[in-house]
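Colleague: Got a predicted structure here, sequence first:
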Amino acid sequence: MPSRPLIGVLAVLLLGVPAPTALAQPPADEVAAPSRAEGATTARLVTATYARRQPGASGRGRRVSAQTDWSGQTTVLLVLEAAETDGRQWLKVLLPDRPNGATGWIERDRVVLRHTPYWVDVRLRSRRVVAYRDGRRVRSARAVIGKPSTPTPRGLAAIYERNRQPDPGGFLGPWALPLTSHSDVLERFGGGPGRVGIHGRAGASLDDPLGSARSHGCIRIDNGDIAWMARRLPAGTPVDVRR
């Protein structure tokens, strides 16, 4: 993570973003909780909506935009479970807002569902990022994680955006994958909301060796590894940050 660290400072260009793996739309009644073995269901918003505390709850709840807040990509959320109330289908989703881990229920007819076979573990103790497909490890990379004063936040998150960088030789490398989680220490940084992400390494970021804890909370991996992830992992892919 750079000295202008979190993803609020990214100069984002979305030229030539490859289409990552996504499988056919599952029926809402077949939505299962995300898992390393089975992957996850994602929800692509087709319109802005409101996330409620319970399925069918009255009131508007928390507004969820159909576009991401930094680069204006289509919002894709990780689905945690599904329910039906009074003949209407609802989805519990992981929200890209503070506090980390915030969830809400949105109406099924506001989204298009997809399935991703991928799951990502960020292992803070061993300082590794490990990607799984259908429960099988397919990629493992050493990482730079947050330093003790600005630690990488733990818990279940998801890929929020997929941002090709205008300068592959810049601090963030060729790609940045902002997550739904935010720093627990920095409320705002560099013009953004303190969003944490996984990104590459180039320029001054190479001064911090892989396997160290020196970032402001972001996870830095080698450029070949971040490019591999960007080509395959769609928005909404689960990212479990754990000790």
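Modeller: Cool, the structure landed.

Colleague: C-alpha from now on. contacts and neighbour counts both.
Modeller: Will do.

Colleague: and the gap between A37 and T116?
Modeller: Going from A37 to T116 by CA to CA, to the nearest Å gives 11 Å.

Colleague: Looking at these two, which one has more neighbours?
Modeller: When A37 and T116 are compared on other CA atoms under 10 Å, the one with more neighbours turns out to be T116, at 26 against 14.

Colleague: can you name the farthest residue from the center of the chain?
Modeller: Using CA atoms, centre = their mean, the residue of the chain lying farthest from its centre is D86. It sits 32.1 Å away.

Colleague: Spatially nearest residue to that one (excluding sequence neighbours)?
Modeller: Nearest residue to D86, sequence neighbours excluded (CA to CA, 6 or more residues apart in numbering): G56, at 8.0 Å.

Colleague: Can you report how many residues lie near the one you found?
Modeller: Residue neighbour count, defined by other CA under 10 Å, stands at 17 for G56.

Colleague: Now for it: which residues touch it?
Modeller: T85, D86, R88, W90 (CA atoms under 8 Å, 6 or more residues apart in numbering).

Colleague: May I have the phi/psi pair for A141?
Modeller: phi -140, psi 140 (degrees, to the nearest 10).

Colleague: which residues does the residue nearest in space to the middle of the chain bridge with?
Modeller: Geometric centre of the chain, nearest residue: I159, 1.7 Å, by CA atoms, centre = their mean. I159 has these beta-bridge partners by DSSP bridges: L179.

Colleague: I figured it hits A230, correct?
Modeller: No. Counting by CA atoms under 8 Å, I159 does not reach A230; the two are 10.2 Å apart.

Colleague: any shared contact partners between the two?
Modeller: By CA under 8 Å, 6+ apart, the residues touching both I159 and A230 are L177.

Colleague: ok, back up a step: now the residue farthest from the centre of the chain: how far from R108?
Modeller: In this view, D86 and R108 are 13 Å apart by CA to CA.

Colleague: burial count for R188?
Modeller: Look at R188: counted by other CA under 10 Å, it has 14 neighbours.
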